[in-house]
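*Asks:* here is my input, please return the structure:
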Amino acid sequence: MKKYMAEGFGTMFLVLMACGSAVLAGPKIGVLGIGLCFGLVLICLCYCIGNISGCHVNPAVSFAMFLSGKLSGRDLCGYVVAQLIGAAVGAGFLYWFVNMDMGFDFGGVTGSNILASNVLQPGATSGMALLMEILFTFFFVLTILGATDERHGFGRFAGIAIGIALGLVNIVGIPVDNCSVNPARSFGPALFSPDAWGDFWIMVVGPLAGAVIAVLAWKAISASRKAIE
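*Replies:* Got it, this is the predicted structure:
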């Protein structure tokens, strides 16, 4: 139960702080600043709850760990439920902030999207967003698998590499669809942004497909590395 609670609290803070950087400070810090916030929040969470739950805070990461044999089916279900609940609570806090004073200079706005939810940005297509979500999740999850590898991982520095990876994909991906690579991160804000549901399938299919590819790629290259050694 403790690891489920850790995932819930972790995902709540990921949505509250990272999405909050776009909602509350977007116009002032820009895409680079928002991406940096995503990365920094994840680094903090890695060192806070990493020893408790592994700090997945992302159904795509949990799915990858399940496919890698590092997470049971029961824990996969428990993690995903906790992540979705945590994301909903985090988005709820943001919604509360937004409705406290509508005169505030909020950022992360696309039409009626006031919670930095994942929607296609002007000029972006569904195909572009789907491909981006697949490839960027592939990169992100592959980084996690390599950084946390028991034999050749980064050890105590793994959280830094993982956080940097999340920051990078957000900096590049935000102009396309506000960047997801995390179905829970998309789910929470979508609960309060009805316009986001039309694109929500991209934020589920893309990250899950990217996670599968990352696991297959990691198994291939890690096996090759062992053969060379």
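
*Asks:* isn't Ala25 right up against Gly33?
*Replies:* Yes: applying C-beta atoms under 8 Å, one finds Ala25 in contact with Gly33, separated by 7.2 Å. For every residue, glycine as well, the C-beta is placed using N, CA and C.

*Asks:* now the longest helix anywhere in the chain: buried residues?
*Replies:* Using DSSP state H, we find that the single longest helix of the chain is helix 20-53. Of all the residues in helix 20-53, those buried under the rule 16 or more other C-beta atoms under 10 Å are 20-26, 29, 31, 33-46, 49-50, 53.

*Asks:* show me the helices in the protein, by range?
*Replies:* Under DSSP H, the chain gives helices at 2-13, 20-53, 59-67, 73-100, 126-147, 158-177, 183-190, 200-228.

*Asks:* export the first one as CSV, just CAs?
*Replies:* Read it as helix 2-13. Only the C-alpha atoms of helix 2-13 are listed here, as CSV (Å, rounded to 0.1, in the frame of the first residue of the first chain):
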residue,chain,number,x,y,z
LYS,A,2,2.9,2.4,0.8
LYS,A,3,4.2,2.2,-2.8
TYR,A,4,0.8,2.9,-4.2
MET,A,5,0.5,5.9,-1.9
ALA,A,6,3.9,7.1,-3.0
GLU,A,7,2.9,6.8,-6.7
GLY,A,8,-0.3,8.7,-6.0
PHE,A,9,1.5,11.6,-4.1
GLY,A,10,4.3,11.6,-6.7
THR,A,11,2.0,11.9,-9.7
MET,A,12,0.0,14.6,-7.9
PHE,A,13,3.0,16.7,-7.4
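
*Asks:* that one vs helix 183-190, what angle?
*Replies:* For helix 2-13 against helix 183-190, the angle by axes from the mean of the first three to the mean of the last three C-alpha atoms, to 10 degrees is 50 degrees.

*Asks:* now helix 2-13: buried residues?
*Replies:* 3-4, 6-13.

*Asks:* redo the residues you listed as CSV? Include distance to Thr137 and pLDDT.
*Replies:* Listed next are the buried residues of helix 2-13 as CSV, based on distance: C-beta to C-beta, whole Å; pLDDT from 0 to 100:
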residue, distance to Thr137, pLDDT
Lys3, 23, 96
Tyr4, 23, 97
Ala6, 22, 97
Glu7, 18, 98
Gly8, 22, 97
Phe9, 23, 97
Gly10, 18, 97
Thr11, 16, 98
Met12, 21, 98
Phe13, 21, 97
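
*Asks:* closest to Leu115 out of these?
*Replies:* Met12 (13.8 Å; C-beta to C-beta).

*Asks:* please name every helix or strand in contact with the lowest-mean-pLDDT helix or strand in the chain.
*Replies:* Among the helices and strands of the chain, helix 200-228 carries the lowest confidence by mean pLDDT, DSSP states H and E, at a mean of 88. Contact here means 3 or more C-beta pairs under 8 Å, 6 or more residues apart in numbering; DSSP states H and E; on that basis helix 200-228 packs against helix 59-67, helix 126-147, helix 183-190.

*Asks:* quick check: closest non-adjacent residue to the spatially most central residue of the chain.
*Replies:* The chain has Asn182 as the residue nearest its centroid, 3.7 Å off, counting by C-alpha atoms, centre = their mean. Among residues not flanking Asn182 along the chain, Asn58 sits closest, at 4.3 Å (C-beta to C-beta, 6 or more residues apart in numbering).
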